[in-house]
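>>> give the three-dimensional model of this entry:
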Amino acid sequence: MAAVAELKAVLKDTLEKKGVLGHLKARIRAEVFNALDDDCEPRPSLSHENLLINELIREYLEFNKYKYTASVLTAESGQPVVPLDRQFLIRELHAFEESKDSAMPLLYGILAHFLHGTKAGIQNGFLKESSLQPANPRLGQPPNRREET
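Purely as a prediction, here's the structure:
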């Protein structure tokens, strides 16, 4: 009986070290989600915005080695299995990147843009023109600096 327990432990350890066990667990979770998914209630179509958002999230997940989470996202969201072209994403976001940033997920550049914005009149180089600016320019100002209406 001890030999079986030892064999299980060695097998589990080997599968974990190779990353296979995590992949199998994620695949099982994805299949459970699919099985539990109510086929009677159709999933909403994947909008252009959701396609872009999901792709930004997938790129971030894969960069940070969250492969299993990325596989569940793909299975649940209906995102295409083949990732979207990075240059396509950049064009759709009206962004550009310097060659030094090409290894980083685009989500990091977007976050840096909104965290740092403009400093001393120098615009963060990620977004050319953000389509995500608030409609009311006073929304970005602290409350005590807003003009009274």
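>>> enumerate every residue touching the residue lying closest to residue 72 once chain neighbours are set aside.
Spatial nearest neighbour of residue 72, chain neighbours left out: residue 30 (5.1 Å); criterion: C-beta to C-beta, 6 or more residues apart in numbering. Just so you know, the C-beta spots here come from the backbone N, C-alpha and C atoms, and that holds for glycine as well. Contact partners of residue 30, counting by C-beta atoms under 8 Å, 6 or more residues apart in numbering, are 71, 72, 75, 76.
>>> what comes up buried for stretch 66-80?
For stretch 66-80, a neighbour-count test (16 or more other C-beta atoms under 10 Å) marks 66, 68, 69, 70, 71, 72, 73, 74, 75, 77, 79 as buried.
>>> list the contacts of that stretch.
19, 22-23, 25-27, 29-30, 33-34, 43, 46, 50-51, 54-55, 57-58, 61-62, 81.
>>> and the next element down the chain from the strand or helix carrying residue 34?
According to DSSP states H and E, residue 34 maps onto helix 20-36. Using DSSP H and E, the helix or strand that follows helix 20-36 towards the C-terminus is helix 48-63.
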